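In: Model the following, please.
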Amino acid sequence: MLTQEPQEKDGSATGFVDSLREIQGEYIMLGELYEKQKSYGQKLSEMMKTLQFEVDTTIPIRPEALGRPCRAAYLVSEGVVVVFDTNGGMTSKPLYTLSSDVIISVIQECTPELQRLLAEKRRSESSKVKSMERVLKELKKAEATFKQTKRDEIDLDDDEEEDAAPDPPAPAVKVRAEDTRQREKDSSPPQKSGRDSFAFRGSFGEKQDLAAISP
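Out: So this is what the prediction gives:
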C-alpha cells in the first residue's frame, strides 16, 4: 500500500500539469482571437468610413441593432456611432471600439442604405459625365468647322491675290529698239525711182532728144 501512494500522487500531478498546459494554450489562442477581432473590427470600420465619406450622409440605426434601448442612433461621418438614450443623453463612440457583434450588426443595418445612396450618386455622376462628353463632342465639331473655314478663307485670299497681280513689263531694251526703228522709219524721206530722181541739167530740147534715144 505504501508503494502505491507515491504513484497515485505522481499521476495526479502529471494530470494537473497537463491541464495547466491546456489552459495556457487556450488562453493564448483566445488572445489571438481577440487580436483578430480587433483588427477585423478596425478594417470594417475603415471600410464603412470610406463608403460613408462618398455619400456624405448620416445613416440612421435601429435601436435593435445596438442591442440596447435608446431613443435614436446614427452612423455619422468618420465611422462614429452616436446614440441618444431614453433620458436625453448622448454618447458617441467610434465603430471599431464597439463589441464585435455590435459592429457586425451596425454594418448589416447600414449596408442597404449605403448601397442605395452609392447607386444614386453613381447615376448622378454618370449623367454629369455624359453631359460633359456631349458638350466636348460639340466643341470638337465647332473647332473643326472653324479650322476648315479659316483654311478656305486663306485659299480664297491667295487666289484673289494671284488674279489681281499685274502682268510683268516687257523688256525695256526691246521696247526701246522698236521705238528707235519706228522713229527712223517715220523720219526718212520717201525714195524715188531712178528715172524720177535723175537730175537733168540742160535745156528742154536736150531733154527731149535724150528721152528719144533712151531705151
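In: Okay, and Glu32 sits in which element?
Out: Following DSSP states H and E, the helix or strand that holds Glu32 is helix 4-55.
In: Show me what that helix is packed against.
Out: helix 100-164 (3 or more CB pairs under 8 Å, 6 or more residues apart in numbering; DSSP states H and E). In short, each C-beta sits where N, CA and C put it, glycine included.
In: pLDDT weak spots in the protein?
Out: Residues of the chain that meet the criterion pLDDT under 70 lie in 1-12, 155-215.
In: what inclination does the helix holding Glu32 have with respect to helix 100-164?
Out: 30 degrees (axes from the mean of the first three to the mean of the last three CA atoms, to 10 degrees).
In: ok, then the element right after helix 4-55?
Out: Past helix 4-55, the next helix or strand by DSSP H and E is strand 59-61.
In: what sits up against that following strand?
Out: Identification of contacts with strand 59-61 by CB atoms under 8 Å, 6 or more residues apart in numbering yields Gln52, Ala72, Ala73, Tyr74, Leu75, Val81, Val106, Glu109, Cys110, Glu113, Leu114.
In: Stretch 81-91 too?
Out: Applying CB under 8 Å, 6+ apart, the external contacts of stretch 81-91 come out as 61, 66, 69-76, 92-95, 98, 106.
In: Tell me the buried residues in stretch 54-71?
Out: For stretch 54-71, a neighbour-count test (16 or more other CB atoms under 10 Å) marks Ile59, Ile61, Pro63, Ala65, Leu66, Cys70 as buried.
In: will you turn those into JSON lines that also has distance to Phe146?
Out: Listed next are the buried residues of stretch 54-71 as JSON lines, based on distance: CB to CB, whole Å:
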{"residue": "Ile59", "distance to Phe146": "51"}
{"residue": "Ile61", "distance to Phe146": "58"}
{"residue": "Pro63", "distance to Phe146": "65"}
{"residue": "Ala65", "distance to Phe146": "61"}
{"residue": "Leu66", "distance to Phe146": "64"}
{"residue": "Cys70", "distance to Phe146": "65"}
